[in-house]
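Asks: need coordinates for the following:
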Amino acid sequence: MSQFDIYVNPNNKSRSAYPFILDMQNDLVDDLATRIVAPLALYSKFKDQELKKLTPRVTYKEQELLILIPQITSMPAILLKEPIGSLSHLRDEIIGALDFAIIGI
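Replies: Prediction:
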């Protein structure tokens, strides 16, 4: 598992709104049974929740998505099967949103 890998949301009930899960956890913290994650939500369903610094908008597989930083949670690593992509190229933007959420800058 690598930081900023994308996984299919393992929860069937929420997958229509949150099709993907983004692994936020640093690779150095790999021994835990859980991973820190954020949902990737369909922009079309959550555009009213877009906040430029806090919910970065990204495109993945031709879908507009929001990284919902305010909904960061943890989930069992075993639920995250095979990564289907990565947003590591957006590292600075994602870390910036985390910084904004935690320290306000």
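
Asks: so what's the gap between the top helix by length along the chain and the chain middle?
Replies: Looking across the chain with DSSP state H, the single longest helix is helix 91-103. Helix 91-103 sits 12 Å away from the centroid of its parent chain (Cα atoms, centre = their mean, to the nearest Å).

Asks: likewise stretch 67-80?
Replies: Mean C-alpha position of stretch 67-80 versus that of the full chain (Cα atoms, centre = their mean) differs by 7 Å.

Asks: just checking: what are the partner strands of the lengthiest strand in the chain?
Replies: Taking DSSP state E as the criterion, the chain has its longest strand at strand 34-42. Strand 34-42 sits in its sheet next to strand 20-23 (antiparallel), strand 63-67 (antiparallel), strand 73-76 (antiparallel), going by DSSP bridges.

Asks: winner for burial among the ones you listed?
Replies: strand 20-23 (a mean of 24; mean count of other Cβ atoms under 10 Å). Yep, even glycine has a C-beta here, placed from its N, CA and C like the rest.

Asks: which outside residues touch that one?
Replies: 1-10, 35-40, 60, 65, 67, 75, 80, 83-84, 87, 94 (Cβ atoms under 8 Å, 6 or more residues apart in numbering).

Asks: repeat that for 7 Å
Replies: Strand 20-23 has contacts (Cβ atoms under 7 Å, 6 or more residues apart in numbering) with 1, 3-9, 35, 37-40, 60, 67, 80, 87.

Asks: ok, stretch 24-36 next?
Replies: By Cβ under 7 Å, 6+ apart, stretch 24-36 touches M1, S2, Q3, D23, V37, A38, I72, S74, M75, P76, A77, L80.
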